[in-house]
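> Quick one, what's the 3D model for this:
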Amino acid sequence: MTGQLTSSILEKCGEDHILATETINYFLDPSGAETFPDLIDRANRLLSHIQKIAEKDSTLSSILLVTHGDFGKMIYAAYYNLQWEEVLRQFHFGNSEVILLAKDSPPEKAHVFETLQFNT
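Numbering: from 1, shown residues only. Predicted structure coming up:
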């Protein structure tokens with residue numbers, strides 16, 4: 001879609017292949033790329049790995065992950081056991097923003113630091 005008008009995305013790709021939100025159009029089945037179900041699987045593997053690390057080190061209280069927005073949202077979805085489609089619609093996770101994943105923090109309070117984005 002490089003060089004194409006964003007207004008033509010739905011027409012060219014079809015509504016069944018795009019999830020459109022206020023800030024971004026998500027390609028649901030890109031050729032040769034990870035799908036969102038693939039990202040959820042990868043997020044679950046990452047969370048499992050982090051859990052194993054935390055079990056080995058009782059002094060560990062926090063872990064900072066830096067990631068791209070779409071994968072960050074899939075980690076959030078996996079952590080709170082949410083449907084990826086709904087998470088994509090909930091909020092935009094942009095550059096330099098923070099999501100808190102914690103047992104004592106409900107999902108609706110997780111997007112704790114938002115910045116003004118100029119790339120949306």
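> drop to CA atoms for contacts and neighbour counts, all remaining ones
Fine.
> give me the element the residue nearest to the spatial centre of the chain is part of.
Geometric centre of the chain, nearest residue: residue 73, 1.8 Å, by CA atoms, centre = their mean. Using DSSP states H and E, residue 73 falls within helix 69-79.
> Point out the other helices and strands that that helix packs with.
In terms of contacts (3 or more CA pairs under 8 Å, 6 or more residues apart in numbering; DSSP states H and E), helix 69-79 is packed against helix 36-56, helix 84-90.
> Minimum distance to residue 8: which of those helices has it?
Among the helices and strands packed on helix 69-79, helix 84-90 comes nearest to residue 8, with 20.4 Å by CA to CA.
> Low-confidence stretches in the protein?
1-2, 9, 12, 114-120 (pLDDT under 70).
> mind redoing it with 90?
1-33, 54, 58, 60-64, 68-69, 91-120 (pLDDT under 90).
> quick one on the thing from earlier: want to throw the helices and strands packed on helix 69-79 into JSON lines with mean neighbour count and distance to residue 103?
Shown next, in JSON lines, are the helices and strands packed on helix 69-79 (neighbours: other CA atoms under 10 Å; distance: least, CA to CA, whole Å):
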{"stretch": "helix 36-56", "mean neighbour count": "15", "distance to residue 103": "13"}
{"stretch": "helix 84-90", "mean neighbour count": "15", "distance to residue 103": "18"}
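> Cool, thanks, talk later.
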